[in-house]
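*Asks:* predicted model follows, preceded by the sequence.
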Amino acid sequence: MRDFLAITKALADESRVRATMALAGGELCLCQLIELLGLAPSTVSKHMAILHRARLVETRKDGRWIYYRLAKEDGLACVAAGLDWLGECLAKEPQIIIIKLKKIKKLLLNNLILKANFKYILRNFTLLCQFQ
């Protein structure tokens, strides 16, 4: 009964549902969730703590960064069922699609920045090699 109540409480808030759906695509840093949700850092931290207490998400700390991911499938059966139900019900919801598009946009932008940096480094390396 406690697990059921924790899960329903965690999924009773739109921001927590959006965060959960954002994590369906894989692990995200807290800073990425803050940007995706457009909320204050303390608010997102509180939402993520509630999701963590409900065992819907797991955390990993790497230095100063905290990463969140959906709970692994070997956890509670009701957690897995809750996450499956959430995904089925909201897969075509416009707000969820917008979150997914924002993630794709950010990945593409990061990729373009990496390519530009690589070209800059390669150009400078080529110039250095010419002078030697």
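*Replies:* Sure, I can see it. If you're wondering where the values come from, they're calculated on a predicted model, not measured in any experiment.
*Asks:* how about the helices in the protein?
*Replies:* 2-10, 14-23, 30-37, 41-53, 77-90, 94-131 (DSSP state H).
*Asks:* could you give the number of residues near the residue lying closest to residue 66 once chain neighbours are set aside?
*Replies:* Closest residue to residue 66 apart from its sequence neighbours, by Cβ to Cβ, 6 or more residues apart in numbering: residue 30 at 4.9 Å. For every residue, glycine as well, the C-beta is placed using N, CA and C. Residue 30 has 16 neighbours, counted by other Cβ atoms under 10 Å.
*Asks:* so what's residue 30 up against?
*Replies:* Contact analysis of residue 30 by Cβ atoms under 8 Å, 6 or more residues apart in numbering lists 41, 44, 45, 48, 65, 66, 67, 68.
*Asks:* farthest-apart pair in those residues, please.
*Replies:* Taking Cβ to Cβ as the measure, the contacts of residue 30 span a maximum distance of 15.1 Å, between 41 and 67.
*Asks:* looking at those two, which one has more neighbours?
*Replies:* Using other Cβ under 10 Å as the criterion, residue 41 and residue 67 rank with residue 67 on top: 17 against 11.
*Asks:* for the more buried one, list the residues it contacts.
*Replies:* The neighbours of residue 67, taking Cβ under 8 Å, 6+ apart as the test, are 27, 28, 29, 30, 59, 60, 61.
*Asks:* how about a cut-off of 7 Å?
*Replies:* Shown in contact with residue 67 (Cβ atoms under 7 Å, 6 or more residues apart in numbering): 27, 28, 29, 59, 60.
*Asks:* I'd say the third one and residue 65 touch.
*Replies:* Yes: in this structure residue 29 lies within contact range of residue 65 using Cβ atoms under 7 Å: 5.3 Å.
*Asks:* tell me which of these two has more neighbours.
*Replies:* residue 29 (14 against 11).
*Asks:* quick check, pLDDT for the more buried one.
*Replies:* On pLDDT, residue 29 comes in at 91.
*Asks:* what does the one 3 residues further on give?
*Replies:* Residue 32 carries a pLDDT value of 89.
*Asks:* residues near it, how many?
*Replies:* 19.
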